[in-house]
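> task: produce atomic coordinates for the following.
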Amino acid sequence: MTQDLALRILELARDAGKTLTTAESCTGGMVSAAITDIAGSSEIFARGHITYSNTAKQEMLGVTAASLDAHGAVSEEVAKEMAEGARAAAGADIAVAITGIAGPGGSEFKPEGRVCFGLATKDGTQYETVEFGARGRAEVRMAATRHALDLIVRALS
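Reported below is the predicted structural model:
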């Protein structure tokens, strides 16, 4: 399924003359890998940012310490800043960001399977939280990857 989405992204981005980038935390590069698995993706894919630590989010993407302190890494505020920072750093038309709790674990306030997404374009930034549930680490990461790819397709459609 990710291959179909990535092929669609390549087709749509080529047709629109758009470039894209990623900022990934809990998916650890899975979105970037899905896109770059497709031959020809270098035409539309600027770069991927894997920012697993809070320090990386701050240094590479400009996420503020204030947002991290107030909301935590798994938050819509941080996903928004990640997407905006990635788009600016890469000079891309579209950036998708993912930060979440893949598991195992979590807490009463931030359960396993909670993933926050950001999508930045020239028109602004959208963000959302999806509760994938405690499916296990691999399943949460794959579901988050598919969702991020779908967000890019919708932004290009």
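> for residue 23, the count of nearby residues, please.
33 (other C-beta atoms under 10 Å). For glycine as for every other residue, the C-beta is placed from the backbone atoms N, C-alpha and C.
> I meant to write residue 60 there.
Residues near residue 60, counting by other C-beta under 10 Å: 17.
> do you know the pLDDT at residue 2?
Listed pLDDT for residue 2 reads 89.
> what about it, distance to residue 43?
Distance check for residue 2 against residue 43: by C-beta to C-beta, to the nearest Å, it reads 19 Å.
> looking at those two, which is more packed in?
When neighbours are counted by other C-beta under 10 Å, residue 2 comes out ahead of the other of residue 2 and residue 43, with 19 against 10.
> residue furthest from the geometric center of this structure?
residue 108 (23.9 Å; C-alpha atoms, centre = their mean).
> for that residue, what are phi and psi?
In terms of degrees, to the nearest 10, the main-chain angles of residue 108 are phi -60, psi -40.
> what about the strands in this protein?
Here the chain has its strands, by DSSP state E, at 20-24, 45-50, 94-100, 114-121, 124-131.
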